[in-house]
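>>> Give the three-dimensional model of this entry:
(one chain, ligands or ions: 1)
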Amino acid sequence: MKKLFIIANWKSNKTINEAEEWLEEISNIKYQISHIEYKEIILCPSFTLLPNLKSYIVNHKLPFKLGAQNVSKFREGAYTGEVTAQMISGLVKYCIVGHSERRKYFNENDDDVIEKIKLLLEYKIMPILCISDLSQLDSYVNRGRQIIGRSEEILFVYEPPDAISGGGEYKPDSPEDSNLYAGKIKERIGEIKILYGGSVNSDNVASFFSQPNIEGALVGQASLDPREFVEIIKNA
Ligand code: PGA
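Residues are numbered from 1 along each chain as shown. Next up, the predicted model:
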């Protein structure tokens, strides 16, 4: 049985109260999911929620790991508003980097992403690196060969921007196409873990996970509803 990574990317959603309601709703998850030991379930809320979620997860012994959605490309210092890798290192095991929304709305570029990965690896946080297409992957490899070379310490996500739900027209990639694309990424980088992202829900998750090259999913919209998220994990 292959180990699956199921990541909830809450994006800019949920207040502290809403996050606690979500957790309460899902707190009996251990009894609902078979073979949960083969599922790494990672919650990526906003920074404001991380300490509360961490306490809740520990106190209720929930089978969740935490991830951040972003990190500063700088170390500590005079960078108003930035949250550093060192600051989150006691809170999270994972951190998303290179998401197409950060590139689109915050002008992040390949060099920024490489700097972030360097810092995350230094603080033993596993980067969840989103890749939109092969040319972007090639650019990362050219700019940060040694960093991308530490591929066993990175989770890769193939996430075509057009497949991401919300805002305009979107359409998930077919599981077969995603599998082919994930295979091409593996050909370039080696034996790595690749997840698929973009409009994953409880109806389509099984068709992605049955693909040989896909080892998990980055789930946005559908992770906001705890019942739907449980269904995704069940069907995985
Ligand atoms: P979506 O988002 O599942 O809402 O399409 C995925 C992501 O961008 O992480």
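
>>> Next, the contact list for the residue of the chain found nearest the ligand, please.
Nearest residue of the chain to the ligand, counting by C-beta to the nearest ligand atom: residue 220, 2.3 Å away. The C-beta positions use only the backbone N, C-alpha and C, and glycine is treated the same way. Counting by C-beta atoms under 8 Å, 6 or more residues apart in numbering, residue 220 touches 9, 10, 11, 164, 165, 166, 197.

>>> Let me know the closest of these to residue 146.
Nearest to residue 146 out of these is residue 197 (C-beta to C-beta; 25.6 Å).

>>> my guess is that closest one meets residue 218, correct?
Yes - counting by C-beta atoms under 8 Å, residue 218 is a contact partner of residue 197 at 3.4 Å.

>>> What ranges does the chain have for its helices?
16-26, 50-59, 85-88, 100-106, 110-122, 134-143, 145-148, 175-189, 205-209, 226-235 (DSSP state H).

>>> Select the helix or strand of this protein having the lowest average pLDDT value.
When each helix and strand of the chain is scored by mean pLDDT, DSSP states H and E, helix 145-148 comes last, with a mean of 84.

>>> Check which helices and strands it sits against.
helix 110-122 (3 or more C-beta pairs under 8 Å, 6 or more residues apart in numbering; DSSP states H and E).

>>> Flag every residue of this protein that's near the ligand.
9, 164-166, 197-200, 218-222 (C-beta under 6 Å from any ligand atom).

>>> which of those count as buried?
9, 164, 165, 197, 198, 199, 200, 218, 219, 220, 221, 222 (16 or more other C-beta atoms under 10 Å).

>>> Rebuild these as CSV, extending it with distance to residue 28 and pLDDT.
Below are these laid out as CSV (distance: C-beta to C-beta, whole Å; pLDDT from 0 to 100):
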residue, distance to residue 28, pLDDT
9, 23, 98
164, 30, 93
165, 28, 89
197, 27, 97
198, 29, 95
199, 28, 93
200, 23, 95
218, 25, 98
219, 20, 98
220, 24, 97
221, 23, 96
222, 20, 96
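
>>> quick revisit: common neighbours of residue 197 and residue 218, please.
The contact sets of residue 197 and residue 218 overlap at 9, 130, 157, 159 (C-beta under 8 Å, 6+ apart).

>>> what's the residue of the chain positioned farthest from its centre sitting at in phi/psi?
Distance from the C-alpha centroid of the chain peaks at residue 78, with 28.3 Å (C-alpha atoms, centre = their mean). Dihedral angles phi and psi of residue 78 (degrees, to the nearest 10) take the values phi -90, psi 80.
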